[in-house]
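[1] this one's sequence-less:
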């Protein structure tokens, strides 16, 4: 099916660097709340197009595709696109998404400069998905030029100009003749047996967003505490805690920073080891800077320390 969401005007849009902050995934990949949340806050910062309420359910299968001709007024540009299921009460569920570094538009292995002010034909393929939008819901297309903290921002604020008449959203559905009840015939999943363990301390996972009302600066605090448990086969007791902090200013992409602090403990019998790892990443217009330090302990004695500082050219990013 082709979902048409067009107009006849040229739209100039600049999304703040915080787009993606509330409803997008956080950077941690562990067992905490890492699924995308309600998209309304992100959509308020994005350029959106929306259908009328659907008169019948819409099935989306495999990869939707967005085709558009657009113009960027900066030599570096990102474009993030999302398909969103808008519920009758206004709640918004992200269905699938894609992010394009416009310098990679022709060949990801050979990026090229963005011709400033010239319309660029772009095609974005969303992640494959199987999803049904119920009747009465709306399909929303959201576009933004930032998606922090999922994607590091461009070195300067980006303005996107596009003509909705050049946009075409292709939404693939279930082919005719396909058995829609096939899932009812699948066997139950199989997995290897779990290792026998004893939980000494339960873990906890937290995601906290802090916004400075005076400056707009946003800070995400992530805590992944994996608890403390003993492997009953080896007798090794394992404890791990990961902490992340991600900071961004809506109007200053060069202030973006990420830092992490990871504690790992291994004990058995009368021996006890611990490592404390710290890392921080920042960027200016020309390069990323990564600083890190690892401290190793045996018991309470620090036995080794190593530090790193590396500068990586941005190279079309």
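    The structure has been received and is ready for your questions. It should be emphasised that the depicted structure is a prediction, and the values quoted were computed from it without experimental measurement.

[2] ok, now how distant is the closest residue to residue 200 other than its chain neighbours from residue 266?
    Excluding the flanking residues, the one nearest residue 200 by C-beta to C-beta, 6 or more residues apart in numbering is residue 228, at 4.3 Å. For every residue, glycine as well, the C-beta is placed using N, CA and C. Counting by C-beta to C-beta, to the nearest Å, the gap from residue 228 to residue 266 is 11 Å.

[3] and what of residue 129?
    Where residue 266 is concerned, residue 129 sits at a distance of 40 Å (C-beta to C-beta).

[4] Please give the number of neighbouring residues around the spatially closest residue to residue 162 that is not a sequence neighbour.
    Closest residue to residue 162 apart from its sequence neighbours, by C-beta to C-beta, 6+ apart: residue 70 at 4.1 Å. Neighbours of residue 70 under the rule other C-beta atoms under 10 Å: 20.

[5] Please state the backbone phi and psi of the most centrally placed residue in the chain?
    Compute the mean C-alpha point of the chain, and by C-alpha atoms, centre = their mean the closest residue is residue 150, 3.2 Å away. Main-chain torsions, residue 150, degrees, to the nearest 10: phi -70, psi -40.

[6] I figured it hits residue 82, correct?
    No. Contact criterion C-beta atoms under 8 Å: residue 150 and residue 82 do not qualify, at 10.9 Å.

[7] so the residue nearest to residue 200 sits right up against residue 239, yeah?
    Yes. Residue 228 is in contact with residue 239 according to C-beta under 8 Å; the separation is 4.2 Å.

[8] Spell out which residues are contacts of both of the two.
    201, 265 (C-beta atoms under 8 Å, 6 or more residues apart in numbering).

[9] Pull out the buried residues from stretch 223-240.
    For stretch 223-240, burial by neighbour count (16 or more other C-beta atoms under 10 Å) applies to 223, 224, 225, 226, 228, 229, 230, 237, 238, 239, 240.

[10] Check stretch 114-133 too.
    Buried-residue list, stretch 114-133, by 16+ other C-beta under 10 Å: 114, 120, 122, 124, 126, 129, 132, 133.

[11] now stretch 158-174
    Neighbour-count burial for stretch 158-174, with 16+ other C-beta under 10 Å as criterion, is recorded at 158, 160, 162, 163, 164, 167, 169, 171, 172.

[12] Quick check: mean pLDDT of that stretch?
    Mean pLDDT, stretch 158-174: 89.

[13] Ok, stretch 81-88 next?
    Mean per-residue pLDDT for stretch 81-88: 97.

[14] likewise stretch 289-298?
    98.

[15] what are the ranges of the helices in the stretch 1-150 of the chain?
    40-44 (DSSP state H, counting those that start in this stretch).

[16] where are the low-confidence patches of it?
    Scanning the stretch 1-150 of the chain for pLDDT under 70 picks out 1-14, 18, 21-34.

[17] rewinding a little: quick check, nearest of the buried residues of stretch 223-240 to residue 54?
    Distance to residue 54, by C-beta to C-beta, is smallest for residue 224 among those, at 38.3 Å.

[18] I'd assumed residue 241 was in contact with the closest one.
    Yes. Applying C-beta under 8 Å, one finds residue 224 in contact with residue 241, separated by 7.2 Å.

[19] Next, count neighbours for residue 267.
    16.

[20] can you tell me how far it sits from residue 234?
    Distance from residue 267 to residue 234, by C-beta to C-beta: 12 Å.

[21] re earlier: between the buried residues of stretch 114-133, which sits nearest residue 191?
    Nearest to residue 191 among the buried residues of stretch 114-133, with distances taken as C-beta to C-beta, is residue 129, at 23.9 Å.

[22] Let me see the contact set for the closest residue in space to that closest one that isn't next to it in sequence.
    Excluding the flanking residues, the one nearest residue 129 by C-beta to C-beta, 6+ apart is residue 96, at 4.3 Å. Residues in contact with residue 96 (C-beta under 8 Å, 6+ apart) are 60, 63, 64, 82, 83, 126, 127, 128, 129, 131.

[23] so the last one touches residue 84, yeah?
    So that's residue 131. No. At 10.9 Å, residue 131 does not count as touching residue 84 under the criterion of C-beta under 8 Å.

[24] Mutual contacts of these two, please.
    Joint contacts of residue 131 and residue 84 (C-beta under 8 Å, 6+ apart) are residue 95.

[25] that older thread, what's the distance between the residue nearest to residue 129 and residue 36?
    10 Å.
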